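*Asks:* pasting the structure only:
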């Protein structure tokens, strides 16, 4: 599922950015006026929280994908170019046994 890949990408880059902000060796993260080290730690903590939120979204999407709860009519079902059956009304992926009848 493409949305899971995008979430993984965002989570990875937020965590990587947070680690870079916490790196005390970086020149900009040296203590001085305004204590930029504390600013870097604060920004890093923000990105960690964003990554945690994206993890929750990812878990929710995975749960929904495993158990589609589509109650729409069979006429709303179609097959995408990859052969996956889905509902055109709610966009849920459905199992093969729910595929629409092929027109003759």
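*Replies:* Yep, that arrived. These numbers were taken from a predicted model, which means no experiment stands behind them.
*Asks:* rest of the way, CA atoms for contacts and neighbours
*Replies:* OK.
*Asks:* can you list the weak-confidence ranges in the protein?
*Replies:* Applying pLDDT under 70 to the chain flags residues 1-2, 26-36, 64-69, 91, 95-104.
*Asks:* mind listing what residue 76 touches?
*Replies:* The neighbours of residue 76, taking C-alpha atoms under 8 Å, 6 or more residues apart in numbering as the test, are 87-89.
*Asks:* so of those residues, which ones are in strands?
*Replies:* Assignment to strands by DSSP state E places the following of the contacts of residue 76 there: residue 87.
*Asks:* let me know the closest of the contacts of residue 76 to residue 4.
*Replies:* residue 87 (19.2 Å; C-alpha to C-alpha).
*Asks:* that closest one - nearest residue in space that isn't next to it in sequence?
*Replies:* residue 77 (4.4 Å; C-alpha to C-alpha, 6 or more residues apart in numbering).
*Asks:* ok, the one you found to residue 63 distance?
*Replies:* 21 Å (C-alpha to C-alpha, to the nearest Å).
*Asks:* so between those two, which is more surrounded?
*Replies:* residue 77 (22 against 11; other C-alpha atoms under 10 Å).
*Asks:* that one reaches residue 86, doesn't it?
*Replies:* Yes - the criterion here is C-alpha atoms under 8 Å, and residue 77 meets it with residue 86 at 5.7 Å.
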